[in-house]
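> here is a sequence together with a model predicted from it:
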Amino acid sequence: MDDLMAVLVPWARQYTEARLRGHDLTYLEPADVAQEICLAVFIAVPGYGLRGGSFLFLMRAIAANKVADVFRKAARSRQVLTGELPERPAVAAEEPEQRALQTDLGVRLGRLMRMLPVSHREVLGMRVIGELSSNETAAALGTTSSRVRVTKHRAISRLRACAQRQDAFS
């Protein structure tokens, strides 16, 4: 178990930092989610031998579920925690048109991203949104950096093609 945790803890921290970076979750640290992942994997290990299958898949599934739980909890929470009160409201709140355009862009990008396979979404999320290098992304996903670069290229090409098709229909 010590050897497993020595490998799992850094991986879980990288995974959660990549997934939660850029999101305003002031009440939660990626290290807390990483600890929950490690605990869940530790609990799942005794029953793992009975199921068989890929242990890496089990770890990634547990981690993905824990991160999804964080986002679900954040979506349900009505609390807005801040360290200090801002001196003035954010600029986006002053401009309804800007807010509407950003919302529309977010909806369109969300639809396009759902058209991609999960592996492509993971790589794009970590590389583009999480701003991780290809080496950091490869380490978090347990693959090679060249495979990450190829997957990112394919995902972006597919997004462009889907966007062009949608623009042609509208």
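Everything's here; your move. Residues are numbered from 1 along each chain as shown.

> please spell out which residues along the helix or strand harbouring Ser146 are buried.
Assigning secondary structure by DSSP states H and E places Ser146 in helix 145-169. Going by neighbour count (16 or more other C-beta atoms under 10 Å), the buried part of helix 145-169 is Val148, Thr151, Lys152, Ala155, Ile156, Leu159, Cys162. For every residue, glycine as well, the C-beta is placed using N, CA and C.

> now for the third one: which residues touch it?
When contacts are counted by C-beta atoms under 8 Å, 6 or more residues apart in numbering, Lys152 is found next to Val123, Leu124, Arg127, Val128, Ser134.

> which one among those residues gets closest to Phe169?
Ranked by distance to Phe169 (C-beta to C-beta), these are led by Leu124 at 23.2 Å.

> local confidence estimate at the residue nearest the centre of the chain?
What sits nearest the mean C-alpha location of the chain, by C-alpha atoms, centre = their mean, is Arg19, with 3.1 Å. The score at Arg19 is 84. That number is its pLDDT.

> that one is in what secondary structure piece?
When secondary structure is defined using DSSP H and E, the element that contains Arg19 is helix 2-20.

> Thr16 and Val41, how far apart?
Using C-beta to C-beta, to the nearest Å, one gets 13 Å for the distance from Thr16 to Val41.

> quick one, which of these two is more surrounded?
Under the criterion of other C-beta atoms under 10 Å, the comparison of Thr16 against Val41 puts Thr16 first, with 25 against 21.

> just to check, the more buried one is in contact with His23?
No: the pair Thr16 and His23 fails to qualify as a contact (C-beta atoms under 8 Å) at a distance of 11.1 Å.

> all strands of this structure, in order?
Assignment of strands within the chain using DSSP state E yields no ranges at all.

> okay, now the domains of the protein?
Partitioning the chain according to automatic domain parsing yields domains covering residues 1-85, 92-170.

> comparing those by mean pLDDT, which bottoms out?
When the domains of the chain are ranked by mean pLDDT, domain 1-85 comes last with a mean of 81.
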